[in-house]
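Colleague: Okay, here's the prediction I keep looking at, along with the sequence it came from:
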Amino acid sequence: MTAHDHVEHANTVQPMVEAALFGYGIAFVPEDEARPHLATGGLVQVLADWCPAIPGFHLYYPSRRGNSPAFQIIVEALRYRPSDADG
């Protein structure tokens, strides 16, 4: 088996970004994670026509009543956009 025959799977983004940076192939990762490497030329975008913009996350839960403080923190983290803080 050669490096070209091997398929790698990961449950987190960072190993996929690192593998792409080391030349192991294509990584399908969130644009926010790839942006710094795209800016420096470490990564290049491919298959742009096959990558539609993702407007955000959808979160379904039964009711706002009785949600724990920890759950509310998660909801706020998913709502946060860095551009909102920049003005």
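Modeller: Received, thanks.

Colleague: Tell me which stretches of this protein form helices.
Modeller: Using DSSP state H, the helices assigned to the chain run over residues 13-21, 31-40, 69-79, 82-86.

Colleague: Of those helices, flag the one that's most buried.
Modeller: With neighbours taken as mean count of other Cβ atoms under 10 Å, the helices of the chain reach their highest mean count in helix 13-21, at a mean of 15. For every residue, glycine as well, the C-beta is placed using N, CA and C.

Colleague: about what we covered before: need the helices of the chain in JSON lines (columns: distance to G56 and mean pLDDT).
Modeller: Conversion of those to JSON lines gives the following (distance: least, Cβ to Cβ, whole Å; pLDDT from 0 to 100):
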{"stretch": "helix 13-21", "distance to G56": "17", "mean pLDDT": "92"}
{"stretch": "helix 31-40", "distance to G56": "12", "mean pLDDT": "93"}
{"stretch": "helix 69-79", "distance to G56": "8", "mean pLDDT": "86"}
{"stretch": "helix 82-86", "distance to G56": "12", "mean pLDDT": "57"}
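
Colleague: Is it possible to get JSON lines of these that adds distance to F57?
Modeller: Formatted as JSON lines, the helices of the chain follow (distance: least, Cβ to Cβ, whole Å):
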{"stretch": "helix 13-21", "distance to F57": "15"}
{"stretch": "helix 31-40", "distance to F57": "13"}
{"stretch": "helix 69-79", "distance to F57": "5"}
{"stretch": "helix 82-86", "distance to F57": "15"}
